[in-house]
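1. my questions concern the predicted model and sequence given below.
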Amino acid sequence: MAVTLVGYCRCSTDSQDLTAQRERLRELGVAEDRIYLDHGLTGTNRARPGLDQAVAALREGDTLVVPKLDRLARSVPDARAIGDDLARRGIRLSLGGQVYDPTDPMGKMFFNILATFAEFEVDLLRMRTREGMAVARAKGRLKGRKPKLSTKQCAELRRMHSTGDYTITDLAELFRISRPTVYRTINRDRSATEKEKVS
């Protein structure tokens, strides 16, 4: 039976690009139609549709290929849970071309070290973000995030949604934003309308 390679890549924000990760997966032998991705989702968020689809596409004897372990998980418990689940199903895990073997003591140790470093990096990033926000707030520079859409874009998105011709996914792709951002934009419009009716 031929071994199927299934690829997975992820980026944490909508502004990041997955091109480099996808190219790396192709270099590792993964076909384009076998690459699953999550855009705008952090590794600590276990609800990742792309990862769920990739895992569902795997069969015993197949290999899940990820560019780096931190694309798969950003905590030690999550990385172990995913690795153990794949091992139980007879699926191999390739980290940037290096196949992880849970039955090999050295391989298991190496995997745990990588998971620890991935968790350390995300913890360090959180700490730096909190420190940076505290400094900016003290200097009066923290004014909130810049809106992803302009006022005109928000109005056009709501108009298109009101026609019923576009799904949330369609709007997210057209405006290059995440689905949650589409929902927030629509809900803001509803909230504003309800306030006007009350007043």
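-> That came through, no problem.
2. which residues in this protein form helices?
-> In the chain, the helices defined using DSSP state H lie at 19-27, 49-57, 69-72, 76-88, 105-138, 151-163, 168-175, 179-198.
3. what is the shortest one packed up against?
-> In other words, helix 69-72. strand 5-11, helix 76-88, helix 105-138 (3 or more CB pairs under 8 Å, 6 or more residues apart in numbering; DSSP states H and E). C-beta here means a position set from N, CA and C on the backbone, and glycine is covered the same way.
4. please redo it, this time with the cut-off set to 6 Å
-> helix 105-138 (3 or more CB pairs under 6 Å, 6 or more residues apart in numbering; DSSP states H and E).
5. ranking the helices of the chain by burial, who's on top?
-> Stretch with highest mean neighbour count among those: helix 69-72 (a mean of 23; mean count of other CB atoms under 10 Å).
6. quick one: mean pLDDT for that one?
-> Here helix 69-72 scores 83 as its mean pLDDT.
7. lowest-pLDDT helix or strand in the chain?
-> Scoring the helices and strands of the chain by mean pLDDT, DSSP states H and E places helix 105-138 at the bottom, with a mean of 68.
8. quick one, domains of this structure?
-> Domain assignment of the chain by automatic domain parsing yields the ranges 5-116, 151-198.
9. now tell me what touches stretch 53-63 from outside.
-> For stretch 53-63, the surrounding residues in contact (CB atoms under 6 Å, 6 or more residues apart in numbering) are 3, 4, 5, 6, 8, 36, 64, 90, 91, 92, 94.
10. also stretch 17-34?
-> 5, 6, 7, 9, 11, 35, 37, 65, 67, 97.
11. so residue 76 touches residue 119, yeah?
-> Yes: counting by CB atoms under 6 Å, residue 119 is a contact partner of residue 76 at 5.2 Å.
12. if we can go back for a sec, and the buried ones among the contacts of stretch 53-63, selectable in ChimeraX?
-> Paste this into ChimeraX to select the buried members of the contacts of stretch 53-63, with burial taken from 16 or more other CB atoms under 10 Å:
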select :4,5,6,8,36,64,91,92,94
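13. which members of the contacts of stretch 53-63 are the farthest-apart pair?
-> 36 and 90 (19.5 Å; CB to CB).
14. returning to that earlier point: between the contacts of stretch 17-34, identify the one with the most neighbours.
-> residue 9 (27 neighbours; other CB atoms under 10 Å).
15. what's across from it in the sheet?
-> On the basis of DSSP bridges, residue 9 is bridged to residue 37.
16. dump the residue contacts of it.
-> 18, 21, 37, 71.
17. ok, for the last one, nearest residue in space, not its chain neighbours?
-> What it means is residue 71. Counting by CB to CB, 6 or more residues apart in numbering, residue 71 lies nearest to residue 10, which is 4.9 Å off, once chain neighbours are set aside.
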